[in-house]
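Peer 1: got a structure for you, letters missing:
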């Protein structure tokens, strides 16, 4: 689980509950349903699978931020450049 107070940054390596590694590509505002409600949704995390599993490495995924935080743990944060 990724705590609410920890920022999810592009380049972060995370591990899913089922064991595979992934890389966070970005986090952005969801626009699902906007045309019907004229309201934005929550944040969505876009990430890439790094290891072979049921799908091959390089598979792109998206998950809402709350679900992402619930099912992943941080393995490595990206280096911070000064």
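Peer 2: Alright, I've got the coordinates. All figures in this text were calculated on a predicted structure; none of them were measured in a lab.
Peer 1: and the longest strand for this protein?
Peer 2: Criterion DSSP state E: the longest strand present in the chain is strand 21-29.
Peer 1: so for the helix or strand just after that strand, mean pLDDT?
Peer 2: Next helix or strand after strand 21-29 toward the C-terminus (DSSP states H and E): helix 34-37. Regarding helix 34-37, the rounded mean pLDDT is 94.
Peer 1: for stretch 22-31, same thing?
Peer 2: Confidence for stretch 22-31, expressed as mean pLDDT, is 97.
Peer 1: with stretch 5-18 instead?
Peer 2: Averaging pLDDT along stretch 5-18 yields 96.
Peer 1: what comes into contact with it?
Peer 2: Residues from elsewhere that reach stretch 5-18 (Cβ atoms under 8 Å, 6 or more residues apart in numbering): 2, 21-27, 45, 47, 50, 53, 65, 68-69, 71-78. Using the backbone N, CA and C atoms, a C-beta is placed for each residue, glycine as well.
Peer 1: buried subset of those residues, written for ChimeraX?
Peer 2: A single ChimeraX command suffices to select whichever of the contacts of stretch 5-18 are buried according to 16 or more other Cβ atoms under 10 Å:
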select :2,21,22,23,24,25,27,45,47,50,65,68,69,72,74
